[in-house]
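Visitor: Structural data only, the sequence is not supplied:
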């Protein structure tokens, strides 16, 4: 039973109970009092959960407002004085008015590179949205952050944007305004496989696949970075503010002794009239963005994957109830089915093998009209067929077996998969080991790994250990993976990990001859716990691009719908094949 915040609901429930079970009031007043107390307790718990989770959502909003300022108000003002729009203003101008969009990795770089002044949003803004009615991904350098210089996380975020374009055959728009590699950290951005050079390799791969790439040079574009817009299909350069060259005037003078101004070296006039490097000359930012709109407007239709979609309906159950259903503590129980009801159309779903493997819920449903297969961790205690209690949030052999079969069915029917993670891991102990938990878990991991339909992962609560893998963590190529503010990502929970680390730390100190008092042990435990809790935060994960972002739970339907629409651009070319598995 789920209650709303309103006290009227309590009255209705109690009133209904009196009508249905009059003997409770007439003959068993004590039982009725107990019943009333339980209802009140549920209401209080709901309200506490709601307050806690709405506070987390409010914190998320404030943090986003902070990072969205990029390098700060003074640098934004300077940007405007130079006749330029900011990265987010450019994207807003480009996107269709009133259309939906999602921002990828807004918290990339959060709390990182403090010794270098920070790198909000990784110094680049990435959004999936609609231009002239066509879904595109847009990558815009934020020149208010270190003149748009590339930090290691900047490269990682750019590569993630290109990965999304490649997986989904999405047109990609680059709005270039960057001083190039951030030299103090060049060793972490330049030479490796997943570093800066991979960007241009991806340019070439996307071109060979027929994925539209359009670039606008709206500021600096120097050195190796100059290849990105010119390896795109078409390029625009903004007069007076845009410039592109392998080496700027200072380096040219140092290298060959030539004295030349940057505008003459690689400005708009030079590149569109003399060298022919760029295709279009724009008078200002808005003109350049309008040219892009006109280009996208002419792009032909695409071959579709053919995922099933019907008319969209809102959930019948109030999605806002999610804040009251989700517990404050990550160890508390709740019914995941109540969360699902507030995410799916009409609050309706068809559960697969409902009475088997109950710690994982598998169900068919629709989200914003799209047919989906949901794989979700059940977070409440359940009984199996043998009347044995099973812990919520733990994956058992029977639930692994069920999920494997369900994933195979969704691949057979071409139904996108949605994973709702709140998982502690796989069940341990002699009974589970003797029952073949490793074998059954491996089958589930195999099915997730070889799935050919698009996968989308929402981390609602815990995402611990191998449970993260089996429930389609980042390593298993979800098309999009996001976390709610309530999420935690780690090898194990904070309390358990801290105790293990404490044992290791104290043993090490004792070997060195140090005496560990009770006070000293508490101090060590607090230090370990604080450090570990920081690392399991969803913001820590988002900063490092282990997820594509942290979202308000009420935005979950939008993210899944936009994600499936993007995936529908890419027809499935491979057949589902699990290879060799132990049965």
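Guide: That came through, no problem. Computed from a prediction, not measured in an experiment: that's the story for all the values here.
Visitor: Low-confidence ranges, the chain, go.
Guide: 1-37, 493-496, 583 (pLDDT under 70).
Visitor: Repeat the analysis, applying 50 as the threshold.
Guide: The chain contains residues with pLDDT under 50 at 1-4, 6-25.
Visitor: top helix in it by residue count?
Guide: helix 29-67 (DSSP state H).
Visitor: Could you give me the buried positions within it?
Guide: Buried residues in helix 29-67, defined by neighbour count with 16 or more other C-beta atoms under 10 Å: 32, 35, 39, 42-43, 45-46, 49-50, 52-53, 56-57, 60, 63-64, 67. Heads up, the C-betas are built off the backbone N, CA and C, glycines and all.
Visitor: swap in stretch 108-127?
Guide: 108-110, 112-113, 118-127.
Visitor: ok, those residues vs residue 71, which is closest?
Guide: Nearest to residue 71 among the buried residues of stretch 108-127: residue 120, at 7.2 Å, using C-beta to C-beta.
Visitor: distance of the closest one from residue 153?
Guide: Residue 120 sits at a distance of 10 Å from residue 153 (criterion: C-beta to C-beta, to the nearest Å).
Visitor: And the helices in the stretch 151-300 of the chain, which stretches?
Guide: 152-168, 198-208, 227-230, 249-256, 262-266, 268-269, 285-297 (DSSP state H, counting those that start in this stretch).
Visitor: Can you give the contact residues for the shortest one?
Guide: Judged by C-beta atoms under 8 Å, 6 or more residues apart in numbering, the contacts made with helix 268-269 from elsewhere in the structure are 237-240, 242-243, 263, 278, 281-282.
Visitor: Among those, which lie within strands?
Guide: Judged by DSSP state E, strands contain the following of those: 237-238, 243, 281-282.
Visitor: Put the buried members of those residues into a PyMOL selection.
Guide: To isolate the buried members of these in PyMOL, using 16+ other C-beta under 10 Å:
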select buried, resi 237+238+243+281+282
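Visitor: Look at residue 471 and say how many residues are nearby.
Guide: Residues within reach of residue 471, counting by other C-beta atoms under 10 Å, total 27.
Visitor: just checking, it touches residue 463?
Guide: Yes: with contact defined as C-beta atoms under 8 Å, residue 471 reaches residue 463; the gap is 7.4 Å.
Visitor: Overlap of the contact sets of the two?
Guide: Counting by C-beta under 8 Å, 6+ apart, the common neighbours of residue 471 and residue 463 are 421, 423.
Visitor: Give the buried residues for stretch 252-260.
Guide: For stretch 252-260, by 16+ other C-beta under 10 Å, it's residue 252.
Visitor: before we move on, back to that, against which helices or strands is the longest helix of the chain packed?
Guide: With contacts defined as 3 or more C-beta pairs under 8 Å, 6 or more residues apart in numbering; DSSP states H and E, the packing partners of helix 29-67 are helix 7-20, helix 22-26, helix 322-325.
Visitor: can I get the ones in strands among the contacts of helix 268-269 in CSV with distance to residue 259?
Guide: Supplementary listing: the ones in strands among the contacts of helix 268-269 in CSV, determined by distance: C-beta to C-beta, whole Å:
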residue, distance to residue 259
237, 23
238, 25
243, 17
281, 25
282, 28
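Visitor: Out of the ones in strands among the contacts of helix 268-269, which is nearest to residue 87?
Guide: Nearest member of those to residue 87, counting by C-beta to C-beta, is residue 238, at 14.0 Å.
Visitor: Report the contact partners of the closest one.
Guide: Residue 238 touches 216-219, 268, 282-285, 287-288, counting by C-beta under 8 Å, 6+ apart.
Visitor: And those, which of them are buried?
Guide: Looks like the contacts of residue 238 have 216-219, 268, 282, 284-285, 288 buried, using 16+ other C-beta under 10 Å.
Visitor: Ends of stretch 189-209, what's the gap?
Guide: 26 Å (C-alpha to C-alpha, to the nearest Å).
Visitor: Could you do stretch 279-286 as well?
Guide: 17 Å.
Visitor: Can you list the neighbours in contact with that stretch?
Guide: 83-85, 90, 93, 216, 218, 234-239, 241-242, 268-269, 272-273, 288, 291.
Visitor: cutoff 7 Å now
Guide: 83-85, 90, 93, 218, 234-239, 268, 272, 288, 291 (C-beta atoms under 7 Å, 6 or more residues apart in numbering).
Visitor: For these, work out which two are farthest apart.
Guide: Longest span within the contacts of stretch 279-286, C-beta to C-beta: 83 and 234, 23.3 Å.
Visitor: Tell me which of these two has more neighbours.
Guide: Between residue 83 and residue 234, counted using other C-beta under 10 Å, residue 234 has the larger neighbour count: 16 against 11.
Visitor: Leaving out the residues flanking it, which one is nearest to the more buried one?
Guide: residue 279 (4.9 Å; C-beta to C-beta, 6 or more residues apart in numbering).
Visitor: That concludes my questions; thank you for your assistance.
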